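Novice: Need the 3D shape of this:
(one chain, ligands or ions: 1)
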Amino acid sequence: MATIAVSELTRAYGSVLAVDRVSFTVGEGEIFALLGPNGAGKTTIVEILEGYRSRDSGEVQVLGCDPASGGSAYRARIGVVLQSAGFEEEFTVRELVRLQCGLFPRRHDPDELIDLVGLADKRATRVKGLSGGQRRRLDLALGLAGAPELLFLDEPTTGFDPAARHHAWDLVARLRELGTTILLTTHYLEEAQRLADRVGVLKAGRLLTVGTPDELRAGSRLPTVISFGLPAGCSADGLPALSVPPQFREDRVRVVTHDPLPDARRLTEWAAAIGTAPADFTVAPPTLEDAYLALTEEPADVG
Ligand SMILES: Nc1ncnc2c1ncn2[C@@H]1O[C@H](COP(=O)(O)OP(=O)(O)OP(=O)(O)O)[C@@H](O)[C@H]1O
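Specialist: Residues are numbered from 1 along each chain as shown. Got it, this is the predicted structure:
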């Protein structure tokens, strides 16, 4: 049975149709990322799934319950990590985590949880002495306090430096290993590519597509870009025939191709024949971000 099953979910605020007949499922142990531009409807969907917001129509089942009527028993089974939880600044990390763990019947050991989120050396630090990234780790510890079967992560690494972001990604990977199902929202496409088993892309309340990051990249039909520096003494005329005319930018050549393999083969054979390796030869297939931008920048499908 799916951990989350949403069918034809609809929610309007006055004349704004924030969520328009959205359907998707999330399997047990899966990491699912909801993506979409500002105002696409992500928060509305997540809050309906958490049981904090009502819906106008559609079916929603989460952990076998309807969140609208699940009450506190339902909410004890989920973990919610918000973007900016307000903390009691005078509490220490350990005090806050212990208090939060005490609220749940099924709970983590507070000290293990502090270790898990990488705050072991900040156990006795007051919240007011934590950096922004450390506060986000504390957010995560508090969201995990009830050993949730399902975790909602709302933009978990916004404001993180690169090292803290990688640490958070490792942590999510460990949670996956522990079997936690995760619904993630993020504006970082690299984060979705790294973490999500599947992603759903929303725009103006409609779910445009659902698939694995690789399926979305392949489905985008965007070209691959082969680029390299022209070796000294070589002219553009000497390049082999390719599936498309190459473009020249300063001293670099760009081949924007839907047929990358034969083009790359011709170019490497050409390089071998002239005996000089082109500088910084790269083959860049479309990224999830490219596919996402192509999808969300298309005119809206009305109907
Ligand atoms: N309480 C509310 N009252 C009126 N309109 C709302 C309310 N909450 C959201 N909306 C509108 O519903 C739409 C969807 O908003 P929502 O917050 O779900 O989007 P989002 O995808 O989470 O955006 P973001 O990426 O900016 O967080 C937007 O047009 C927003 O203005």
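Novice: How about the residues of the protein by the ligand?
Specialist: Applying C-beta under 6 Å from any ligand atom, one finds that the chain approaches the ligand through Tyr13, Val16, Ala18, Gly36, Asn38, Gly39, Ala40, Gly41, Lys42, Thr43, Thr44. To be clear about C-beta, it is placed using only N, CA and C from the backbone, and glycine gets the same treatment.
Novice: which residues does the residue of the chain most remote from its centre contact?
Specialist: Here the centre of the chain is the reference, and by C-alpha atoms, centre = their mean the most remote residue is Gly233, at 45.5 Å. By C-beta atoms under 8 Å, 6 or more residues apart in numbering, Gly233 lies in contact with Thr276.
Novice: Next secondary structure element downstream of the host helix or strand of Val22?
Specialist: If you go by DSSP states H and E, Val22 is part of strand 16-26. Toward the C-terminus, strand 16-26 is succeeded by strand 31-35 as the next helix or strand (DSSP H and E).
Novice: For the next helix or strand after that next one, name the packing helices and strands.
Specialist: As assigned by DSSP H and E, the chain's next helix or strand after strand 31-35 is helix 42-50. Helix 42-50 sits against strand 4-13, strand 16-26, strand 31-35, strand 57-62, helix 67-75, strand 150-154, strand 181-185, with contacts defined as 3 or more C-beta pairs under 8 Å, 6 or more residues apart in numbering; DSSP states H and E.
Novice: Of all these, which one is nearest His108?
Specialist: Nearest to His108, of all those, is strand 150-154, at 12.1 Å by C-beta to C-beta.
Novice: Counting by contacts, list what the closest one packs against.
Specialist: Contacts defined by 3+ C-beta pairs under 8 Å, 6+ apart place strand 150-154 against helix 42-50, strand 78-81, helix 132-144, strand 181-185.
Novice: distance between it and the chain's centre?
Specialist: In terms of C-alpha atoms, centre = their mean, to the nearest Å, the centre of strand 150-154 is found 11 Å from the chain centre.
Novice: residues contacting the closest residue to Cys65 other than its chain neighbours?
Specialist: Distances taken as C-beta to C-beta, 6 or more residues apart in numbering place Tyr74 nearest to Cys65, at 4.8 Å, with adjacent residues excluded. Contact analysis of Tyr74 by C-beta under 8 Å, 6+ apart lists Gly51, Val62, Leu63, Cys65, Pro67.
Novice: JSON lines please, covering those and showing pLDDT and distance to Arg165.
Specialist: Putting the contacts of Tyr74 into JSON lines (pLDDT from 0 to 100; distance: C-beta to C-beta, whole Å) gives the following:
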{"residue": "Gly51", "pLDDT": "94", "distance to Arg165": "29"}
{"residue": "Val62", "pLDDT": "97", "distance to Arg165": "28"}
{"residue": "Leu63", "pLDDT": "96", "distance to Arg165": "29"}
{"residue": "Cys65", "pLDDT": "94", "distance to Arg165": "33"}
{"residue": "Pro67", "pLDDT": "96", "distance to Arg165": "30"}
